[in-house]
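>>> no sequence for this one, just the structure:
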DNA sequence: GAATTTCACTTTGCATCACAAAGTGAAAAG
DNA sequence: CTTTTCACTTTGTGATGCAAAGTGAAATTC
């Protein structure tokens, strides 16, 4: 069933495309470093437009990597966090990236 | 002149976009690991179409990251390698990626 | 030596996608 | 009650990743 033969090098195809995109990698890294972020904090930290940020957050949410929690009691203030799935996927991404680093340095 | 304020986190905007793209990152990593590659070897290692591969190689060449050397004596057999510029840019990319790894793991 | 294959491309075309700008609706602030 | 803030949504555009098919020259096969 698996068609790609193993090589001496890293299998780059395993690099999760959803995570690899720069903007989303940034978001994932921030969410991994601090548990919960508001939309506003992510926005000012990453310096992205509303539309762009929400689009990437939605993409990550659709992959079940990020949870969106709307706090409806206080004015619309959403909280974003990694899901368990997201954490696992991100760790996997980091592992492969680390292999690339190792391979590239030697 | 520089408008973006420094934050506690990694400055993701410094991640070289030309290198970050998956296909080109793969190429750069392979060229960093082994000095010279033929078109054919890159192609079979990365499992990419001709058009796709040459496009990415050309993009890297246009940024002066990769040298293309046509060996005209023997049938068209091109050799690809990192330029000095390319090596520096790639090392810089790896440094930033390493910061992201560190930050994400703690 | 004619036909086929290999190689390193080029061209074309499509579909995805990043991104910005402007709009929306509700709540809070003034 | 008007304005601002917040968390979005909608729309539009340009870039770009990628495959498929073509090209031309050299090497190989017959």
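Noted; the coordinates are in hand. Model, not experiment: these values are computed from the prediction.
>>> kindly report the residues of chain A close to DNA strand D.
A:38-40, A:50-51, A:54-55, A:58, A:68, A:70, A:75-78 (Cβ under 7 Å from any atom of the strand). For every residue, glycine as well, the C-beta is placed using N, CA and C.
>>> derive a ChimeraX selection command for the buried subset of those.
Per 16 or more other Cβ atoms under 10 Å in any protein chain shown, the buried members of the residues of chain A next to DNA strand D correspond to this ChimeraX selection:
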select /A:39,54,78
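>>> the residues of chain A next to DNA strand D: which two are farthest apart?
The span of those, defined through Cβ to Cβ, is set by A:55 and A:75 at 22.5 Å.
>>> show residues contacting the lowest-mean-pLDDT helix or strand in chain A.
The helix or strand of chain A with the poorest confidence is strand A:66-71; it has a mean of 86 (mean pLDDT, DSSP states H and E). Residues from elsewhere that reach strand A:66-71 (Cβ atoms under 8 Å, 6 or more residues apart in numbering or on different chains): A:27-28, A:31, A:57, A:60-61, A:76-83, A:86.
>>> residue contacts, the residue positioned nearest the centre of chain A?
Chain A has residue A:28 as the residue nearest its centroid, 3.2 Å off, counting by Cα atoms, centre = their mean. Each residue near residue A:28 by Cβ under 8 Å, 6+ apart is listed here: A:19, A:60, A:65, A:66, A:82, A:86, A:90, A:93, B:104.
>>> top helix in chain A by residue count?
Longest helix of chain A, by residue count under DSSP state H: helix A:84-105.
>>> what residues are up against the closest residue to residue A:37 other than its chain neighbours?
With Cβ to Cβ, 6 or more residues apart in numbering or on different chains as the criterion, residue A:37 has its nearest non-adjacent residue at 5.1 Å, and that residue is residue A:80. Contact partners of residue A:80, counting by Cβ under 8 Å, 6+ apart, are A:27, A:31, A:36, A:37, A:38, A:39, A:42, A:57, A:66, A:67, A:68, A:69.
>>> surely the fourth one is in contact with residue A:81?
If I follow you right, that is residue A:37. Yes - with contact defined as Cβ atoms under 8 Å, residue A:37 reaches residue A:81; the gap is 7.4 Å.
>>> the closest residue to residue A:104 other than its chain neighbours is in what secondary structure piece?
In space, and not counting its chain neighbours, residue A:104 is closest to residue B:32: 4.3 Å by Cβ to Cβ, 6+ apart. Element membership for residue B:32, per DSSP states H and E: helix B:22-33.
>>> neighbour-wise, which of residue A:37 and residue A:81 wins?
More crowded of residue A:37 and residue A:81, by other Cβ atoms under 10 Å in any protein chain shown: residue A:37, with 22 against 15.
>>> distance of the more buried one from chain B?
11 Å (Cβ to the nearest Cβ, to the nearest Å).
>>> now do residue A:9
Residue A:9 sits 6 Å away from chain B, going by Cβ to the nearest Cβ.
>>> and that residue, backbone torsions?
Backbone torsions for residue A:9, taken as degrees, to the nearest 10, come to phi -100, psi -180.
>>> how far away is it from residue A:96?
12 Å (Cβ to Cβ, to the nearest Å).
>>> check residue A:35 too.
Look at residue A:35 and residue A:96: by Cβ to Cβ, they are 24 Å apart.
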